[in-house]
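Engineer: What follows is a predicted protein model with its sequence.
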Amino acid sequence: MIVVLRPNLPAEEVDKVVAEVAKMGYQPHPIRGAIQTVIAAIGDERVNPSLETLTAWPQVETVLRVQKRYKLVSKEGHPQPTVINVNGQQIGGGQPFCIMGGPCSVESEEQIMTTARAVKAAGATILRGGAFKPRTSPYEFQGLGETGLKLLAAARKEFGLAVITEVLAEKDVELVASYADILQIGARNAQNFALITAAAKTGKPILLKRGMSMRVEEWLLAAEYILSNGNPNVFLCERGIRTFETYTRNTLDLSAVAILKQETHLPVIIDPSQGCGRADLVIELCKAAAALNADGLLVEVHPNPAEAWSDGQQQVDFKAFAQLCRSLKPFIAAVGRPS
Ligand code: PEP
Ligand code: MN
């Protein structure tokens, strides 16, 4: 770290800060200028206590980090992309583009079975469906709970699709993990570190959504909780952030995909459904995701969106989903990835 001292400090005041830097586990190298001194503090910032507390000292003007705050998710120590094995299916790196599709909420046996059949026929390999739903209002449909999980498991058995579903609460982690192939941590829980840690410890792959107002660094640090708890299988899912724009429910941050490709080896999934909140825009955003070399999509699909129990406005029907999957092919090919 770099500690910048205030101008014209007496030498004994400089020495006090230098001594404190050493006490905190760093090797201090003061660089004394005519007016101002800076201290280069050599040491691992991720292991030693942060020198940022020194900003509270009257002698200190500012403290600058040199290293990134995340280690395990960073490309620096792990340049090869992570490839995640989901029931024998490889996702990430140069593996085929992965399409996850299914309803926002599991509603009934007929709904989930017909949807599973349709998304599989269109090219999806993973079935999504919420059994525990994080709803803004307590009066809205909260999900079928374990009944929904059982229906997802039945669809997996019938159609051979892997299943992704959200775990909302720490108390349900074991239950949801006993049915799901991938655990989804939703936007509202993206910094619920107790839940994230418990989910990590199941050893199941985790799809970590971006929080609504989360910076990329915060998101990567949330993922760092999973890796540092011994689970390397994390998908990062961009699902839109809150902005001032009102034409869309959220603003899908496609620049985050490009940033994540530079910063991390973890696979990146795009959720255009929560991302824009409008079925009429989903297909275009999916094409953009493929063109950006994202590793896959999480798309809401419903047999009859107009009658959906949640998020009807953003779910595509079977016909639109099949068209969406077809239209992706040239974009996937353009980045040199198999479909
Ligand atoms: C969802 O996938 O239906 C969902 C609630 O997602 P998010 O956590 O991104 O809002
Ligand atoms: Mn939804």
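Structural biologist: Here it is on my side, so go on. Numbers count the residues shown, from 1 in each chain. Ligands and ions are numbered 1, 2, ... in the order given.
Engineer: residues from the chain in reach of ligand 2?
Structural biologist: 104, 311 (Cβ under 5 Å from the ion). Just so you know, the C-beta spots here come from the backbone N, C-alpha and C atoms, and that holds for glycine as well.
Engineer: Right, and ligand 2 sits closest to which residue of the chain?
Structural biologist: Among the residues of the chain, residue 104 lies closest to ligand 2, at 3.4 Å counting by Cβ to the ion.
Engineer: That residue and residue 313 touch, don't they?
Structural biologist: No - the pair residue 104 / residue 313 is not scored as a contact, 10.2 Å apart, by Cβ atoms under 8 Å.
Engineer: ok now the helix or strand containing residue 111, how far from the chain's centre?
Structural biologist: Assignment of secondary structure by DSSP states H and E places residue 111 within helix 109-122. How far helix 109-122 lies from its chain's middle: 26 Å, per Cα atoms, centre = their mean, to the nearest Å.
Engineer: In it, which residues are buried?
Structural biologist: 111, 112, 113, 114, 115, 116, 118, 119, 120, 122 (16 or more other Cβ atoms under 10 Å).
Engineer: and residue 133, what does it touch?
Structural biologist: 104, 105, 140, 141, 142, 143, 166, 168, 310 (Cβ atoms under 8 Å, 6 or more residues apart in numbering).
Engineer: In which helix or strand does the spatially most central residue of the chain reside?
Structural biologist: When Cα atoms, centre = their mean is applied to the chain, the residue found nearest the centroid is residue 236 (2.8 Å). Assigned by DSSP H and E, residue 236 belongs to strand 234-238.
Engineer: same for that strand, what does it pack against?
Structural biologist: strand 206-209, helix 216-228, helix 254-263, strand 268-270 (3 or more Cβ pairs under 8 Å, 6 or more residues apart in numbering; DSSP states H and E).
Engineer: okay, those in CSV with mean neighbour count, mean pLDDT and distance to residue 327 next?
Structural biologist: Shown next, in CSV, are the helices and strands packed on strand 234-238 (neighbours: other Cβ atoms under 10 Å; pLDDT from 0 to 100; distance: least, Cβ to Cβ, whole Å):
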stretch, mean neighbour count, mean pLDDT, distance to residue 327
strand 206-209, 27, 98, 24
helix 216-228, 20, 98, 28
helix 254-263, 17, 97, 17
strand 268-270, 26, 98, 15
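Engineer: For ligand 1, which of these is the nearest?
Structural biologist: Closest of the helices and strands packed on strand 234-238 to ligand 1 is strand 206-209, at 4.3 Å (criterion: Cβ to the nearest ligand atom).
Engineer: can you pull the contacts of the closest residue to ligand 1 within the chain?
Structural biologist: Nearest to ligand 1, among the residues of the chain, is residue 186, at 2.9 Å (Cβ to the nearest ligand atom). Counting by Cβ under 8 Å, 6+ apart, residue 186 touches 134, 166, 168, 209.
Engineer: just to revisit the earlier point, could you check the pLDDT of the closest residue to the residue of the chain closest to ligand 2 other than its chain neighbours?
Structural biologist: Of all residues not flanking residue 104 in the chain, residue 311 sits nearest, at 3.9 Å (Cβ to Cβ, 6 or more residues apart in numbering). Per-residue pLDDT puts residue 311 at 97.
Engineer: Residue 311 and residue 276, how far apart?
Structural biologist: Residue 311 sits 12 Å away from residue 276, going by Cβ to Cβ, to the nearest Å.
Engineer: Same question for residue 214.
Structural biologist: For residue 214, the distance to residue 276 - Cβ to Cβ - is 18 Å.
Engineer: Spell out which parts of the stretch 201-339 of the chain neighbour ligand 1.
Structural biologist: Neighbours of ligand 1 within the stretch 201-339 of the chain, by Cβ under 6 Å from any ligand atom: 209, 239, 271, 274.
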